[in-house]
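> missing the sequence, but the structure's below:
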């Protein structure tokens, strides 16, 4: 690679910096040709003070998205040149308020026609370069502010890991994994009820032999998640025993298991898929709602689990 262009997107920051440096250099040359001794980097400070009257260094840094030291250093240079001055805030003696001097206002009036012409020139350049460049730069700024690159890289890594997660059907050799994952979940949030003990210690007899299904999430030959579909009568399936290993949470495995369970239900002759949960499990309830589960009055006189205080049914139209 011999230049920034060959680096591609990885050189975006350097190329934007190069464009910035070129822009500032040529603007300085434009100012000098007009007999104005001003660095173009100072433009935002002058513009803000002209429109706001007075501003603190902290507030100006917030508005411009720059650091406090950078604005402080720039304002001191402008003050030395006679374009602005500072005064102490009457409400807080620790704060410096910046304002334009009369000479500063004259300078802004002198430069306004030049800024208008410069804006027209830049628009013509952008029309030739590409459509919506400025809008795309604003979009890039908003996206990076909303979620920094390190978080996006981590999210991509999780997505790539999620793609490697297999959803498989239960095998007897995974009985201990089924028990382990669900027992940890119960111990963390609630306690093991008698119905839990019966299902976890004998999943084949309590779930599969009765017409239900057990789905497992496997990653690198490890079982890291479970979900079960329990046949509660001749036409209903209950989504239950959803659990994901804490070390692998945040990878979307719970959603992947739940979607697989829904698809399994669709492939059967059962005409209702429901679940019972607890209102304090907000992340789980949000996931169920996202996947099409609707809260309804429970048709059961007593919930199957003492911890259950919400009943939801899957609705294809939701």
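Yep, that arrived. Note that the coordinates shown come from a computational prediction; the quantities given were computed from them, not determined experimentally. Residues are numbered from 1 along each chain as shown.
> Any buried residues in stretch 67-84, and which?
Buried positions in stretch 67-84, judged by neighbour count with 16 or more other CB atoms under 10 Å: 71-72, 74-75, 78, 81, 83-84. Where you see a C-beta, it was placed from the backbone N, CA and C, and this is true even at glycine.
> mind checking how far that stretch is from the chain centre?
Centroid separation for stretch 67-84 versus its chain: 36 Å, with CA atoms, centre = their mean, to the nearest Å.
> quick one: which of the buried residues of stretch 67-84 is nearest residue 212?
Closest to residue 212 out of those is residue 71 (65.0 Å), distances taken as CB to CB.
> Tell me the helices and strands packed up against the host helix or strand of the closest one.
Following DSSP states H and E, one finds residue 71 within helix 68-80. Applying 3 or more CB pairs under 8 Å, 6 or more residues apart in numbering; DSSP states H and E, we find helix 68-80 packed against helix 43-52, helix 57-64, strand 84-89.
> Could you name the stretch from those that's closest to residue 112?
Set against residue 112 and scored by CB to CB, those come closest in helix 43-52, at 9.0 Å.
> got CSV for the helices and strands packed on helix 68-80, with distance to residue 314 and mean pLDDT too?
Formatted as CSV, these follow (distance: least, CB to CB, whole Å; pLDDT from 0 to 100):
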stretch, distance to residue 314, mean pLDDT
helix 43-52, 54, 87
helix 57-64, 47, 86
strand 84-89, 60, 81
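> what about these, which gets the closest to residue 304?
helix 57-64 (54.3 Å).
> That closest one - contacts with which helices or strands?
For helix 57-64, the contact count by 3+ CB pairs under 8 Å, 6+ apart identifies helix 43-52, helix 68-80, strand 92-100 as packing neighbours.
> Outside of stretch 167-184 itself, list whatever touches it.
Applying CB atoms under 8 Å, 6 or more residues apart in numbering, the contact partners of stretch 167-184 are 192, 196, 200-201, 203-204, 207-208, 213-218, 223-226, 241, 243-246, 256-257, 260.
> Go ahead and flag the most central residue of the protein.
Among the residues of the chain, residue 147 comes closest to the average C-alpha position under CA atoms, centre = their mean, at 5.3 Å.
> about what we covered before: could the helices and strands packed on helix 57-64 be laid out in a markdown table, adding distance to residue 288?
Conversion of those to a markdown table gives the following (distance: least, CB to CB, whole Å):
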| stretch | distance to residue 288 |
| --- | --- |
| helix 43-52 | 49 |
| helix 68-80 | 46 |
| strand 92-100 | 51 |
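> which other residues reach stretch 40-48?
With CB under 8 Å, 6+ apart, stretch 40-48 has contacts from 23-24, 27-28, 30-31, 55, 60, 63-64, 71, 74-75, 77-78, 83-84, 98, 100, 104, 107-108, 111, 115.
> can we see that at 6 Å?
Here stretch 40-48 makes contact (CB atoms under 6 Å, 6 or more residues apart in numbering) with 24, 27-28, 64, 74, 78, 108.
> Highest neighbour count among those?
Highest neighbour count within the contacts of stretch 40-48, by other CB atoms under 10 Å: residue 78, with 22 neighbours.
> Would you check how far apart that residue and residue 99 are?
11 Å (CB to CB, to the nearest Å).
> Tell me where the model's unsure across this protein.
When residues are selected by pLDDT under 70, those of the chain lie in 1-7, 93, 124-141, 144, 148-149, 153, 155, 318.
> what about the longest helix in it?
helix 102-129 (DSSP state H).
> Distance from that helix to the middle of the chain?
37 Å.
> got a list of what residue 287 touches?
Shown here is residue 287, whose contacts under the criterion CB under 6 Å, 6+ apart are residue 255.
> ok, now residue 75?
Contacts of residue 75 (CB under 6 Å, 6+ apart): residue 98.
> Tell me where the protein has strands.
In the chain, the strands defined using DSSP state E lie at 54-56, 84-89, 92-100, 166-169, 213-219, 222-231, 236-244, 272-277, 293-295, 310-314.
> Serialize the ones you listed to CSV and add fields for distance to residue 39.
Output for these, formatted as CSV (distance: least, CB to CB, whole Å):
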stretch, distance to residue 39
strand 54-56, 19
strand 84-89, 14
strand 92-100, 16
strand 166-169, 60
strand 213-219, 56
strand 222-231, 57
strand 236-244, 56
strand 272-277, 62
strand 293-295, 61
strand 310-314, 63
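> Tell me which of the ones you listed sits nearest to residue 187.
Smallest distance to residue 187 across the strands of the chain (CB to CB): 11.1 Å, for strand 236-244.
> angle of the closest one against strand 310-314?
When axes from the mean of the first three to the mean of the last three CA atoms, to 10 degrees is applied, the directions of strand 236-244 and strand 310-314 differ by 110 degrees.
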